[in-house]
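Asker: pasted the sequence and its predicted model underneath.
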Amino acid sequence: MKNNKLETISNLFEGKEIRSVWDSVKEDYYFSIVDVIGALTESNIPRNYWSDLKRKIKREGSQLHEDIVQLKMKASDGKFRETDTLNTKGILRLIESVPSPKAEPFKMWLANLGSICSFDK
């Protein structure tokens with residue numbers, strides 16, 4: 001993705017920040033997995049939840065593990081750090097692995113986000 005134009009975007013889902021990057025060449029978003037996990041699970045430490053889930057996905061040989069891309073995103077301290085991300089399709093598959101009553105509302109939020117941003121481009 002080094003030659004792709006990347007635009008960092010931050011959106012809110014039920015008051016939770018979801019960091020994402022728009023890849024203009026692939027015309028797709030890459031979402032911070034930890035942010036999505038935090039929004040879906042209300043976990044106090046979503047990074048730990050993701051770490052456990054990531055090990056499980058890898059152990060099961062899921063294609064999802066192969067689709068993880070690390071991108072630099074702005075952290076809460078203002079520094080840019082490598083962050084595990086998935087594109088829109090990958091995030092939808094990830095949601096299926098996280099038991100949460102917020103899964104369907106999150107899918108609707110993703111669909112709405114895509115339709116709003118398609119008008120902006």
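Answerer: Arrived safely, thanks for sending.
Asker: how close does the closest residue to K102 other than its chain neighbours get to Y49?
Answerer: In this structure, K102 finds its nearest non-sequential neighbour in L40, 5.1 Å apart by CB to CB, 6 or more residues apart in numbering. (C-beta placed from N, C-alpha, C; glycine too.) Counting by CB to CB, to the nearest Å, the separation of L40 from Y49 is 9 Å.
Asker: now R59
Answerer: 16 Å.
Asker: compare those two (neighbour count), which wins?
Answerer: A count of neighbours by other CB atoms under 10 Å puts Y49 above the other of R59 and Y49, at 17 against 9.
Asker: tell me how far the nearest residue to the more buried one once chain neighbours are set aside lies from Y29.
Answerer: Using CB to CB, 6+ apart and skipping the chain neighbours, the partner closest in space to Y49 is S43 (4.6 Å). As judged by CB to CB, S43 and Y29 stand 22 Å apart.
Asker: between the two, point out the one with more neighbours.
Answerer: The residue with more neighbours, out of S43 and Y29, is Y29; 22 against 15, by other CB under 10 Å.
Asker: which helix or strand contains the nearest residue to the more buried one once chain neighbours are set aside?
Answerer: Once flanking residues are discounted, Y29 sits nearest to S20: 4.7 Å by CB to CB, 6+ apart. In the assignment (DSSP states H and E), S20 maps to strand 16-23.
Asker: hang on, isn't the residue nearest to Y49 packed against V36?
Answerer: No. Shown here, S43 and V36 do not form a contact pair, counting by CB atoms under 8 Å, at 11.3 Å.
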